[in-house]
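> Next one to model:
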Amino acid sequence: QVQLVESGGGLMQAGGSLRLSCAASGRAFSSYTMGWFRQAPGKEREFVAAITWSTDNTYYADSVKGRFTISRDNAKNTVYLQMNSLKPEDTAIYYCAARPRTVVGDIASASGFRSWGQGTQVTVSS
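Got it, this is the predicted structure:
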């Protein structure tokens, strides 16, 4: 397993940008598909974005497509989420997660991700 620590959250006005970082410790970071999920107050945790371990293919929720970009730097054991054109509905706790390469199935399913960070708060004001 890997241990994950998110950073970069904060308060931003609508239309602004933030970049979240997730630092991983442990071996074989490059063999994990990495994802970002978020949970708003009173709502269930939802998929935001993912980047695969092998081909760096990226996947996005429709609600963030065109505004958010996920990327990874395997040399730094870090995954990023660049968030542009932020909206008040993006307000949530954002979680970084790691999915072992042996897991198959829906990449947007939280159940496939076995390691989770503690979360970082993102608040977007209107």
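> Any figure for the gap between the residue most central in space within the chain and residue 70?
The centroid of the chain falls nearest to residue 36 when counting by C-alpha atoms, centre = their mean (1.9 Å). Going from residue 36 to residue 70 by C-beta to C-beta, to the nearest Å gives 6 Å. For every residue, glycine as well, the C-beta is placed using N, CA and C.
> Check residue 32 too.
13 Å.
> on that earlier part again, give the intersection of the neighbour lists for residue 36 and residue 70.
49-50, 79, 81 (C-beta atoms under 8 Å, 6 or more residues apart in numbering).
> Residue 68 contacts residue 58, doesn't it?
No: contact criterion C-beta atoms under 8 Å: residue 68 and residue 58 do not qualify, at 9.8 Å.
> ok, those two, which is more surrounded?
In terms of neighbours (other C-beta atoms under 10 Å), residue 68 is the more surrounded of residue 68 and residue 58; the figures are 22 against 14.
> contacting residues for the more buried one?
48-49, 60, 81-84.
> Can you tell me who it pairs with across the strands?
Taking DSSP bridges as the rule, residue 68 bridges to residue 83.
> Check it and give its pLDDT.
On pLDDT, residue 68 comes in at 98.
> Equivalent analysis for the one 5 residues further on, please.
pLDDT for residue 73: 94.
> Could I get the contacting residues of it?
Applying C-beta under 8 Å, 6+ apart, the residues contacting residue 73 are 79-80.
> distance of it from residue 22?
Taking C-beta to C-beta, one finds residue 73 at 11 Å from residue 22.
> count of residues packed around the closest residue in space to residue 86 that isn't next to it in sequence?
Leaving aside its sequence neighbours, residue 86 sits nearest to residue 124 (C-beta to C-beta, 6 or more residues apart in numbering; 4.6 Å). Residue 124: 20 surrounding residues under other C-beta under 10 Å.
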